[in-house]
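Enquirer: Model the structure of this input:
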Amino acid sequence: RYDVQIAEDETFSQVVATYSDVTSTTRTVSSGVLNEGLEYFWRVRAKNSTKTGDYSLVRSFTTTYNLVVDNSSTSPAFIPSSPSKENSTGYRMFSLPCNLQNVKVNGVSKSPLLVSDLITSGDQGTDWAIYRDNGNAANYKVALSKTSTLTINGEGFWIVKSGGLTLPRLSSTHTVDADHCVSIEVTPYSWNINGSPFSVSVPWTSVKTQNGISNNLWVFEGSSGYSWAASMEPYKGYYFLETQGSSSLKIPYPNSSQTTTSLAKSGTYETASEALQWTIQLKLKTAINQDNHNYIGVASGAKNSLDEFDSYKPPVFEDQGYVVFKRPEWNERHSNFASDIRGVVEDGAVWNFEVVNPQKGNTELEFALQDLPQTYQAVLIDSVNSSEPFEITDGAAYVYDARLSKQAFKLVVGTESYLASVMAEMKPEQFELLQNYPNPFNPETVIGFRIKEAAHVQIEIYNVLGQKVKTLVNKELQAGLHNVVWNGRTEVGQT
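Expert: This next block holds a predicted model:
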């Protein structure tokens, strides 16, 4: 017979269980005696009817917590059943809320899980497509086939499927650590598509706290574009940029005390909203999509360099329009930002940004002002389409005809005198023909020029033989910066 003791410390000053007269070499501990995720120490001694021996050397073990995840068959409503065949707005990000290492499909173990276990009908490329993000800054979409394996817990994918997606029953068991977390694999310093490994929502604030991170979580909503997500919902996929060099992300299983915090109306992070002094939101509308979560502003404690107030821009499909703050000095690999929040400015500041619209044509920029000081004004400078600044008020919309797929803008915010000084600096002091951009170009390029006073301007294109190819401008113009677009064709339309 044996006596067995279990304690929380090596000295056995905190004994949690003592079992006497154990007759076998194993002992089952009753439910509720031990807590999950903790290290315990144990020792044993032998005895008979006349004598009791000394306790053995102390050994230890750590308890685990197995979480059963059982998802019934479902058709996620966020995946469109009739996606557009003309553009990419029908794509969505999705993930599988289960442990792919021991998953069962309709009660049958699958190792490994295949795409064909999820998509049982239709032709790839015609009826459906699935991509994973490989983490590269360019050429990041990797197409999956029906024989592709799905083995990385928490990994998300891009999917489009005619008729929507109906998933089978997926069941599995997670081993949860001492913090009630499951670690999922991520690619360091890269954009990752991830999702909740659980069949319940996980507040993003709890993930940020557990991992010591501040980056936003992005969800793609088709023609409405990206938005910030307050929680990780089952089956949905989300973009997350890993910036600390970690290869894993701990996802805590939510408890009753955790709540989902709504994102600030005009902030970059819910935890930083109280520090924001004012913001201007830029909302883009193109022929096929919108891009609404773009911000400039000022916050107490913010830097004019990269900090927790600035939000990275997630990858965008090649045919969709978006607003971007290019800041390669902040991050050379990931230089696209959705917001540029600065420290307190005195008289004003200038924000440079770009609008990318591969569809070209009618393009709209709408502005939403939040708590802008009464002594400040804001103007948009479009040096391609207008020689006059556009006054920005709350709800104002600037509409222009995009002749280029990419165009630079300036947003100037400050006192009346500050705006006047910026405009004065932009006023030409001489007649000047500027370098065209892009150069080389295909199929169009912008030729800029400055004139210091009102004058009749004539701009002509000549070939290397000295022959006139095209007259671009031949009219009276006011002083200022002007631009003209040339499509590379002659007067009669030849290339």
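Enquirer: Go through the top helix by length along the chain and flag the buried ones.
Expert: Secondary structure of the chain per DSSP state H: the longest helix is helix 416-426. For helix 416-426, the neighbour count (16 or more other CB atoms under 10 Å) marks 418-419, 422 as buried. Placement of C-beta: from N, CA and C, glycine included.
Enquirer: Enumerate residues external to it that contact any of its residues.
Expert: Applying CB atoms under 8 Å, 6 or more residues apart in numbering, the contact partners of helix 416-426 are 347-348, 350, 377, 379, 381, 389, 412, 414, 480-481.
Enquirer: What would stretch 401-411 look like as CSV? C-alpha coordinates only.
Expert: C-alpha atoms of stretch 401-411 as CSV (Å, rounded to 0.1, in the frame of the first residue of the first chain):
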residue,chain,number,x,y,z
ASP,A,401,-12.5,62.8,-62.5
ALA,A,402,-9.6,60.6,-61.9
ARG,A,403,-7.5,60.3,-65.1
LEU,A,404,-4.7,58.6,-63.3
SER,A,405,-4.9,55.5,-61.2
LYS,A,406,-2.7,57.2,-58.5
GLN,A,407,-2.8,60.8,-57.5
ALA,A,408,-1.1,62.8,-54.7
PHE,A,409,-3.0,65.3,-52.5
LYS,A,410,-2.2,67.7,-49.6
LEU,A,411,-4.5,68.3,-46.7
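Enquirer: Run through who's touching it.
Expert: Where contact means CB under 8 Å, 6+ apart, the residues beyond stretch 401-411 that reach it are 280, 282, 296, 350-363, 378-385, 392, 444, 446, 485.
Enquirer: Tell me how far it lies from the chain's centre.
Expert: Relative to its parent chain, stretch 401-411 has a centroid offset of 24 Å by CA atoms, centre = their mean, to the nearest Å.
Enquirer: try stretch 203-214
Expert: Centroid separation for stretch 203-214 versus its chain: 15 Å, with CA atoms, centre = their mean.
Enquirer: And the average pLDDT for that stretch is what?
Expert: Here stretch 203-214 scores 94 as its mean pLDDT.
Enquirer: Tell me the buried residues in that stretch?
Expert: Buried, per 16+ other CB under 10 Å, within stretch 203-214: 203-208, 211, 213-214.
Enquirer: Only C-alpha atoms, please: export it in CSV.
Expert: Extracted in CSV, the C-alpha atoms of stretch 203-214 (Å, rounded to 0.1, in the frame of the first residue of the first chain):
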residue,chain,number,x,y,z
PRO,A,203,-12.6,40.5,-27.7
TRP,A,204,-9.6,42.0,-29.5
THR,A,205,-8.8,44.0,-26.4
SER,A,206,-8.1,40.8,-24.5
VAL,A,207,-5.8,39.6,-27.3
LYS,A,208,-3.9,42.9,-27.3
THR,A,209,-3.5,42.7,-23.5
GLN,A,210,-2.3,39.1,-23.5
ASN,A,211,0.3,39.8,-26.2
GLY,A,212,1.3,43.3,-25.4
ILE,A,213,0.4,44.7,-28.8
SER,A,214,-1.5,47.8,-30.0
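Enquirer: Select only the buried ones of the contacts of stretch 401-411 in PyMOL?
Expert: In PyMOL, a selection of the buried entries from those looks like this (16+ other CB under 10 Å):
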select buried, resi 280+282+296+351+353+355+356+357+358+359+363+378+379+380+381+382+383+384+385+392+446
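Enquirer: name the element Ile184 belongs to?
Expert: Element membership for Ile184 (DSSP states H and E) is strand 181-185.
Enquirer: that older thread, tell me the helix or strand right after the longest helix of the chain.
Expert: strand 432-433.
Enquirer: List of residues touching that following strand?
Expert: 447-450, 459.
Enquirer: coming back round to it: let me have the contacts of helix 416-426 in JSON lines, extended by distance to Ser190, pLDDT and secondary structure.
Expert: Formatted as JSON lines, the contacts of helix 416-426 follow (distance: CB to CB, whole Å; pLDDT from 0 to 100; DSSP: H, G, I helix; E, B strand; the rest coil):
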{"residue": "Asp347", "distance to Ser190": "40", "pLDDT": "94", "secondary structure": "coil"}
{"residue": "Gly348", "distance to Ser190": "36", "pLDDT": "96", "secondary structure": "strand"}
{"residue": "Val350", "distance to Ser190": "31", "pLDDT": "97", "secondary structure": "strand"}
{"residue": "Gln377", "distance to Ser190": "40", "pLDDT": "97", "secondary structure": "strand"}
{"residue": "Val379", "distance to Ser190": "37", "pLDDT": "97", "secondary structure": "strand"}
{"residue": "Ile381", "distance to Ser190": "35", "pLDDT": "94", "secondary structure": "strand"}
{"residue": "Pro389", "distance to Ser190": "39", "pLDDT": "91", "secondary structure": "coil"}
{"residue": "Val412", "distance to Ser190": "35", "pLDDT": "97", "secondary structure": "strand"}
{"residue": "Gly414", "distance to Ser190": "37", "pLDDT": "97", "secondary structure": "strand"}
{"residue": "Gly480", "distance to Ser190": "44", "pLDDT": "79", "secondary structure": "strand"}
{"residue": "Leu481", "distance to Ser190": "39", "pLDDT": "79", "secondary structure": "strand"}
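Enquirer: from those, which is closest to Glu86?
Expert: Glu86 lies nearest to Ile381 out of the contacts of helix 416-426, by CB to CB, at 33.5 Å.
Enquirer: wait, doesn't the closest one sit right on Pro389?
Expert: Yes - between Ile381 and Pro389 there is a contact at 5.3 Å, judged by CB atoms under 8 Å.
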